[in-house]
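>>> one predicted model, sequence on top.
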Amino acid sequence: AQDFDMSFAMKLREVEKRYEVSMNPDQIIIDDDTADAVFNAGVDLLAEVGLYQLDTQRVVEYGRDEILALAAERKAEPSRVTMGRGNEEMTLAYRSGEDRRPPTLYVGAAGAVDEDEFVPLMTAFARERRIEGMGIAGGITKVGDVVPQAGTLTEVFCALWEQERLREVLESVGRPGLSLGLLCTASTASATMACVDGEFRGPHNTHIGVHVMPDQKINWERLLLTQFCEQRGIVPWQSAMAMIGGLCRDGAEAAVAMVANVLGHLSYAHGPICSVFPTHMDGTWATKDSIWAVGATTRASERNIRLAIGSCVVGSLEWGGTPIDSLQQAAQCLVYAKSGLAYAWIAGFGPPEAIQSGDIMELACHLDKDEAMGLVRKIFARIEEIKPESTPNTRTLTFRDIYDLKTIEPFAEHMAVFEQGKEELARLGLRLP
């Protein structure tokens, strides 16, 4: 694997130079030529390095023409898939940055959730009608004294507990057909198969993770889960990730790597949707580099693949509970909507932030790219102005920090900071409802 990593890193630099891909932080919504260069560099990266199979320690090789054929096949039939059931049917579909139709709010709660937080947190998202589906729903830390450990019965036990609570939540809010997106606590093939019963969790409301792992690696588990998806008619959860500061040095390299990952998914999973999400080595995101990388990957797909591309529109955890969180979120919404994002699957710490994200993305659909970039430049300038007087978090905020678990309403202190963020955006020219 180390030899593959070295080959990957060297080839990434080579193809970036070959196609003159570079990041201009002031041109954060990229032009057509740059989008095509990122795409072609990603094609070459996959063709010349391949995917590394961790279990066999062998490389899956591809020809360039083979990869281009995969992209052309999808481009000829732009992605469109229906999730949910009954009144909760919704669509995830390819869109361009010029579409007046905004990205879909397919948002839920990610991360580790404590047992007493689980039902209130899921209820808060599920009852909000502007949220058309939940792209992700939970990830329990433990049930009683049982901690889920992958590949053991504890994983199955906690994952089944999670599904029962989700069923109760959807019934309580009157949305039994709501899509719940990616299975969380169940990550192995055995636990996944135990949860997907075809009645509550099935093709209408479930995605199963078959991700290419950073950087360009797969294993048998991914391929087994892909086969299960094909047999059950389940839309696989494809997710391209990159680590900025690791094998990818900056946003430009991260974009090229994620395009290669997107194409790698198409070779074995053939799914219509794909999430893209880079982070920095210190766990942060929502920087110019990470936003440029998501926007560039999305635009490369918009022009050359036409998948329904999704991502997160959420401030970096270090700035949760501060106005910077709202500013970072707004910058992502503007760039991604104008780059062709199809859906957001995480949008803030709670429903108010998710709804605001929807408002910003809808507003972005009525701006031209220069207007959107002008707002983004103002937002980043303002972030740099207020950072010195802001205190970053030393721990990750949880739902109990911002919501009363009994009333399932946000604390006044949290909403006060949320309103401060809206005021900051209004002063920059981004006025929201």
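Thanks, I have the structure now.
>>> show me the shaky parts of this structure.
Scanning the chain for pLDDT under 70 picks out no residues.
>>> grab the most central residue of it for me.
Nearest to the mean C-alpha position of the chain, counting by CA atoms, centre = their mean, stands Ser311 at 3.1 Å.
>>> doesn't that residue belong to a helix?
No. Judged by DSSP: H, G, I helix; E, B strand; the rest coil, Ser311 forms no part of a helix; its state is strand.
>>> count the residues that sit near Pro214.
Pro214 is flanked by 21 other residues according to other CB atoms under 10 Å. (C-beta placed from N, C-alpha, C; glycine too.)
>>> His265 now?
When counting by other CB under 10 Å, one arrives at 26 neighbours for His265.
>>> longest helix in the protein, please.
Ordering each helix of the chain by length in residues (DSSP state H) puts helix 153-172 first.
>>> can you give the contact residues for it?
When contacts are defined by CB atoms under 8 Å, 6 or more residues apart in numbering, helix 153-172 is touched by residues 118-119, 122-123, 126, 137-138, 140, 142-143, 146-149, 176-178, 180, 183-188, 190-191, 194-195, 200-201.
>>> and if we set it to 7 Å?
For helix 153-172, contacts defined as CB atoms under 7 Å, 6 or more residues apart in numbering pick out 118-119, 122-123, 126, 137-138, 140, 142-143, 146-149, 176, 178, 180, 185-186, 188, 191, 194-195, 200-201.
>>> beta partners for the residue nearest to the centre of the chain?
Legend: beta-bridge partners of Ser311 under DSSP bridges are Ala344.
>>> and stretch 15-29, end to end?
Stretch 15-29 has its terminal residues 21 Å apart, counting by CA to CA, to the nearest Å.
>>> list of residues touching it?
Contacts of stretch 15-29 (CB under 7 Å, 6+ apart): 37-38, 40-41, 44-45, 250-253, 256, 288-289, 291-292, 295, 335, 338-339, 369, 372-373, 376-377.
>>> let's see it at 6 Å
37-38, 40-41, 44-45, 250-253, 256, 288, 292, 295, 335, 338, 369, 373, 376 (CB atoms under 6 Å, 6 or more residues apart in numbering).
>>> buried set for it?
Val15, Glu16, Tyr19, Val21, Met23, Ile28, Ile29 (16 or more other CB atoms under 10 Å).
>>> chain center to that stretch, what's the gap?
22 Å (CA atoms, centre = their mean, to the nearest Å).
>>> also stretch 219-231?
Its chain's average C-alpha position is 21 Å from that of stretch 219-231, according to CA atoms, centre = their mean.
>>> just stretch 151-164 next, same as before
24 Å.
>>> would you mark the buried spots in that stretch?
Within stretch 151-164, the residues that count as buried by 16+ other CB under 10 Å are Thr154, Glu155, Val156, Phe157, Cys158, Ala159, Leu160, Trp161, Glu162, Gln163.
>>> Thr185 versus the third one, what's the distance?
Distance of Val156 to Thr185, computed by CB to CB, to the nearest Å: 9 Å.
>>> now the first one
Going from Thr154 to Thr185 by CB to CB gives 10 Å.
>>> again with the second one
If you measure Glu155 against Thr185 using CB to CB, the figure is 7 Å.
>>> which residues are common contacts for those two?
The contact sets of Glu155 and Thr185 overlap at Pro148 (CB under 6 Å, 6+ apart).
>>> in the stretch 1-150 of the chain, which spans are strands?
Ranges of strands within the stretch 1-150 of the chain are 51-53, 58-60, 80-83, 90-93, 104-105, based on DSSP state E, counting those that start in this stretch.
>>> to clarify, my last question referred to the stretch 151-300 of the chain.
Along the stretch 151-300 of the chain, the segments classed as strands by DSSP E, counting those that start in this stretch run 207-209, 217-218, 235-244, 273-280.
>>> now tabulate those strands in CSV and tack on mean neighbour count and distance to Arg100.
What follows is the strands of the stretch 151-300 of the chain, written out as CSV (neighbours: other CB atoms under 10 Å; distance: least, CB to CB, whole Å):
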stretch, mean neighbour count, distance to Arg100
strand 207-209, 23, 27
strand 217-218, 22, 38
strand 235-244, 24, 26
strand 273-280, 25, 21
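>>> and those as CSV, adding distance to Gln227?
As requested, those are exported to CSV (distance: least, CB to CB, whole Å):
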stretch, distance to Gln227
strand 207-209, 11
strand 217-218, 13
strand 235-244, 10
strand 273-280, 18
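>>> which of these sits closest to Ser326?
strand 273-280 (19.6 Å; CB to CB).
>>> what sits up against that closest one?
92, 238-242, 244-245, 254, 258, 262, 285, 290, 293-294, 297, 307-312.
>>> again with stretch 227-241
81, 182, 203, 206-211, 214, 258, 261-262, 265, 269, 271, 274-277.
>>> chain center to that stretch: distance?
Distance of stretch 227-241 from the chain centroid (CA atoms, centre = their mean) equals 16 Å.
>>> gap between the two ends of it?
First-to-last residue span, stretch 227-241, CA to CA: 22 Å.
>>> cool, and stretch 46-53?
14 Å.
>>> with stretch 402-420 instead?
End-to-end distance (CA to CA), stretch 402-420: 15 Å.
>>> again with stretch 278-297
11 Å.
>>> please compute how far it lies from its chain's middle.
12 Å.
>>> how about stretch 48-68?
24 Å.
>>> list the buried residues of it.
Glu48, Val49, Gly50, Leu51, Tyr52, Gln53, Leu54, Tyr62, Ile67, Leu68.
>>> wait, the second one touches Phe8, no?
What it means is Val49. Yes. Contact status for Val49 versus Phe8: in contact at 5.3 Å, counting by CB atoms under 6 Å.
>>> residues near Arg167, how many?
15.
>>> show me the helices in the stretch 101-250 of the chain, by range?
115-126, 153-172, 189-195, 220-232 (DSSP state H, counting those that start in this stretch).
>>> and the end-to-end length of stretch 402-416?
Its start and end residues considered, stretch 402-416 measures 11 Å (CA to CA).
>>> overlap in contacts of Thr154 and Thr185?
Pro148.
>>> ok now do the spatially closest residue to Asn87 that is not a sequence neighbour, which residues does it touch?
Setting aside the residues directly before and after it, Asn87 is nearest to Gly177 in space (CB to CB, 6 or more residues apart in numbering), at 6.3 Å. For Gly177, the contacting residues are Gly84, Arg85, Gly86, Glu88, by CB under 6 Å, 6+ apart.
>>> could you dump these into TSV and include neighbour count?
Formatted as TSV, the contacts of Gly177 follow (neighbours: other CB atoms under 10 Å):
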residue	neighbour count
Gly84	19
Arg85	16
Gly86	10
Glu88	20
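>>> farthest pair in the buried residues of stretch 48-68?
Longest span within the buried residues of stretch 48-68, CB to CB: Leu54 and Leu68, 26.6 Å.
>>> good, wrapping up.
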